[in-house]
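> structure here, sequence nowhere to be found:
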């Protein structure tokens, strides 16, 4: 999930669109090639001085996705918020158009 203030949306829409393009590529990689996504994330962690095996990252990413999907069923999330009321999709549409 990405959140950004209205001030940033107004002042730096191109930067938000560029970020969203990268985010969309990451989401696509995670869905289509989860093992490669884990490798990429592992390398990023190494650059920060953390040595975490790829298998651990891969399992964590998979578990996180399952956990998020199950969150409302297990009672940890009382209700799914109505994001359509607060969601601004204009810049996401621009980001998708630039693929």
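Nice, thanks for sending it over. Being a predicted model, the structure only gives us computed values, none of them experimental. Residues are numbered from 1 along each chain as shown.

> now for this structure, the helix or strand with the poorest mean pLDDT.
helix 54-70 (a mean of 79; mean pLDDT, DSSP states H and E).

> in that one, which residues are buried?
54, 57-58, 61 (16 or more other C-beta atoms under 10 Å). C-betas here are computed from N, CA, C, even on glycine.

> just stretch 37-46 next, same as before
37-38, 40-42.

> contacts for that stretch?
26, 29-30, 51-55, 57-58, 61 (C-beta atoms under 8 Å, 6 or more residues apart in numbering).

> at 10 Å what do you get?
26-31, 33, 50-62 (C-beta atoms under 10 Å, 6 or more residues apart in numbering).

> now the helix or strand hosting residue 27: buried residues?
Element membership for residue 27, per DSSP states H and E: helix 13-32. Residues 16-17, 20-21, 30 are the ones in helix 13-32 that count as buried (16+ other C-beta under 10 Å).

> got the contact list for that helix?
Counting by C-beta under 10 Å, 6+ apart, 1-2, 4, 8-9, 12, 36-38, 40-41, 61-62, 65, 88, 90-99 sit against helix 13-32.

> next one: it to chain centre, how far?
Put simply, helix 13-32 sits 8 Å off its chain's centre (C-alpha atoms, centre = their mean, to the nearest Å).

> before I go, just wanted to say thanks for your time.
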